[in-house]
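>>> structure of the sequence below:
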Amino acid sequence: MAMQKVTIGTVLAVAVMGMVVSALGVLVATRTISNTGNLSAVGVGVYWDSSCNNAVLSIDWGALEPGVTVDKTIYIKNEGSLNVVLGMTTDNWNPASASSYISLSWNRQNYELNPGSVIQAVLTLSVSSSVSEITNFSFDIVITGTEST
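Numbering: from 1, shown residues only. I've put the predicted structure just below:
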């Protein structure tokens with residue numbers, strides 16, 4: 001039997017803004033990171049709700065500071081007719097050094113999803129407290145559903 005592979009490609013555009021403020025001789029460094037990313041799905045549906053009524057079209061991580069971790073809950077539905085094993089990777093970091101300071105993980109790596117089933121997944125974006133010299137960055141999220149064997 002031929003192996004089928006369904007891929008969800010997501011381009012996640014992320015803006016990082018830095019500002020140094022000097023007041024009364026005190027140097028205060030503030031870096032606010034905001035993020036909105038577009039998500040598109042093929043074969044596997046991605047939704048905000050377990051009833052699969054509200055498709056995820058973008059992800060807004062809100063205002064972030066160095067050292068912060070933010071979770072976003074999504075729901076993945078196997079809209080195909082075969083069991084699939086879920087996987088997620090990131091790719092195309094711009095600048096490449098951003099991947100040394102910012103990471104994305106989730107709790108559904110290697111999870112087997114039956115046809116028609118819906119599973120809650122948590123995406124976790126982590127920003128290192130030592131992030132520096134990055135003013136803007138972007139990366140792709142690739143979620144795959146691979147036919148289980």
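>>> contacts only, for residue 67.
Neighbour list for residue 67: 127-129 [criterion: C-beta atoms under 8 Å, 6 or more residues apart in numbering]. For the C-beta atoms, the positions are set from N, CA and C on the backbone; glycine is no exception.
>>> for residue 139, state which of those is nearest.
Distance to residue 139, by C-beta to C-beta, is smallest for residue 127 among the contacts of residue 67, at 12.9 Å.
>>> for that closest one, which residues are in contact?
Residue 127 neighbours (C-beta under 8 Å, 6+ apart): 33, 64-69, 101-102.
>>> kindly present those as CSV, with separate columns for pLDDT.
Shown next, in CSV, are the contacts of residue 127 (pLDDT from 0 to 100):
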residue, pLDDT
33, 43
64, 73
65, 80
66, 86
67, 90
68, 89
69, 94
101, 90
102, 88
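>>> now residue 50: closest residue in space, sequence neighbours ignored.
Spatial nearest neighbour of residue 50, chain neighbours left out: residue 75 (5.3 Å); criterion: C-beta to C-beta, 6 or more residues apart in numbering.
>>> I figured that neighbour was touching residue 54, is that so?
No: using C-beta atoms under 8 Å, residue 75 is not in contact with residue 54; the gap is 9.3 Å.
>>> overlap in contacts of these two?
47-48.
>>> what is the neighbour count of the residue nearest to residue 50?
Residue 75: 18 surrounding residues under other C-beta atoms under 10 Å.
>>> bridging residues for it?
residue 47, residue 120 (DSSP bridges).
>>> residue 59 versus that one, what's the distance?
13 Å (C-beta to C-beta, to the nearest Å).
>>> okay then, goodbye and thanks.
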